[in-house]
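A.B. asks: Fold the stuff below for me.
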Amino acid sequence: MRATRRLKIIAEKHELTVIRFASKESHYCQNCQAETQHLIVAEMAQVMKLSEREVFRLAESEQIHSIETADGRLMVCIESIKI
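C.D. replies: Residues are numbered from 1 along each chain as shown. Next comes the predicted model:
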């Protein structure tokens, strides 16, 4: 009788994402009651791995903190996404 051999293959995947932000700015966050770092919506979407539209929805429903600057940009508080 022949012996059967079994081969077990294990695959691991490691991912590292480095994001450098050009638009990181400090603003006063009413919810945090402190001066915190804020990102524009596009960069926050990249960090949260969501669409920009979803980030706008989260800001509108106040699930994340945001402010609108004098020039009309929406800035999202980094502290509001920390768990």
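A.B. asks: which intervals of the chain have sub-threshold pLDDT?
C.D. replies: 1, 17-23, 83 (pLDDT under 70).
A.B. asks: Break down it into its helices, ranges please.
C.D. replies: 41-48, 52-60 (DSSP state H).
A.B. asks: so which of the ones you listed comes closest to residue 79?
C.D. replies: helix 41-48 (12.0 Å; CB to CB). Glycine gets a C-beta too; all of them are placed from N, C-alpha and C.
A.B. asks: What helices and strands are in contact with that closest one?
C.D. replies: When contacts are defined as 3 or more CB pairs under 8 Å, 6 or more residues apart in numbering; DSSP states H and E, helix 41-48 packs onto helix 52-60, strand 74-77.
A.B. asks: what's in contact with it?
C.D. replies: Helix 41-48 is contacted from outside by 19, 21, 23-24, 39, 51-52, 54-56, 59, 64, 74, 76, 81, using CB atoms under 8 Å, 6 or more residues apart in numbering.
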